[in-house]
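Chemist: A predicted structure for the sequence below; I have some questions about it.
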Amino acid sequence: MKGSFNMIDCGVGGQGVVMMANIVGEACVRAGLRVISGELHGLSQRNGSVIAHQRIGETAISPLVPYGEADVILSLEPMEALRYLYFLKPGGLVITNTNMIHPPTETQMLAKGEKERYVRYDEVVERIRASGARIVEVDALELAREAGNPQTENVVMVGALAAVPEIPVGKEHMLEAVKDNVPKNALDVNVRAFELGYGSFKPGT
C-alpha cells in the first residue's frame, strides 16, 4: 500500500488494549503489510490510561502517530477517545465503546463536593462530534455478554475495526489473528465476539 494508515488504540488498564493492538499487528503481518507499533501502558494496573500507536504501510518509520494524522481512534472507553482526539486527522474516524469507566479522580471530586455529577456519555460524544470527527458507537459490553463473556469487549472492538472500509487489513486476516491471540479454551466465544463486533459497524451513526 502507498502511504500509511495510522491508528490509535486506547482505553483503561484491564480492558485489553495491548491485546487489541497485538491482534491488529499480527493481522497486518499475515496480510504482508509493514506495521510499526508503540505502546504506553500508563497506570494499567490502576485503571490508568493505556494507548498504543500503530502505523501500517511502507512509509511508516516512527512508531508514534504524529498529532493530527491518525485515520482511526479505536477506543475501549469513550473518555479515552476524547482524551486522545488531538491525534485524529480532520474528518477521521472514532470507533468507541459506549461503556464508560469513570476515573477515580472524578469520584474523588464528587466525594469532596468539587463536582455535582459524573460526566455523561452523551456529553463526551457531543464533544467528539463537535471536533468534526466521524464516530461509530459500539455497545461492546452488551455484545460481549451476548457472545458469552463480558471480558471479550476488546475482541468486539477489533471486529468493528475489521469492518472499516479504509483499513488495509481484510476480515479473514483479522479473525485469524484473533484466534492466535486468545486462550484456546475461549476460542468460540471470542470468534462470536469478533463477528458481533463486525456486524455492529454502522458508518455515519
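Modeler: Sure, I can see it.
Chemist: look up how far residue 159 lies from the residue nearest to the spatial centre of the chain.
Modeler: When the chain is reduced to its mean C-alpha position, the nearest residue by Cα atoms, centre = their mean turns out to be residue 74, at 2.6 Å. Noted for residue 74: a distance of 11 Å to residue 159, by Cβ to Cβ, to the nearest Å. Where you see a C-beta, it was placed from the backbone N, CA and C, and this is true even at glycine.
Chemist: which element is residue 10 on?
Modeler: Residue 10 belongs to strand 5-12 when assigned by DSSP states H and E.
Chemist: equivalent analysis for residue 89, please.
Modeler: Assigned by DSSP H and E, residue 89 falls in strand 88-97.
Chemist: okay, now the unreliable bits of the chain?
Modeler: 1-2, 40-47, 106-107, 110, 115, 204-205 (pLDDT under 70).
Chemist: which stretches in it count as helices?
Modeler: 17-30, 78-83, 104-111, 121-130, 140-147, 153-162, 171-181, 187-200 (DSSP state H).
Chemist: please identify the deepest-packed of those helices.
Modeler: Of all the helices of the chain, helix 153-162 carries the top mean neighbour count, a mean of 29, counting by mean count of other Cβ atoms under 10 Å.
Chemist: now tell me what touches it from outside.
Modeler: 11, 15-17, 19-20, 23-24, 72, 74-76, 95, 97, 99, 136, 138, 140-141, 143-144, 147, 167, 169-171, 174-175, 178, 182, 190, 193-201 (Cβ atoms under 8 Å, 6 or more residues apart in numbering).
Chemist: appreciated, that's everything.
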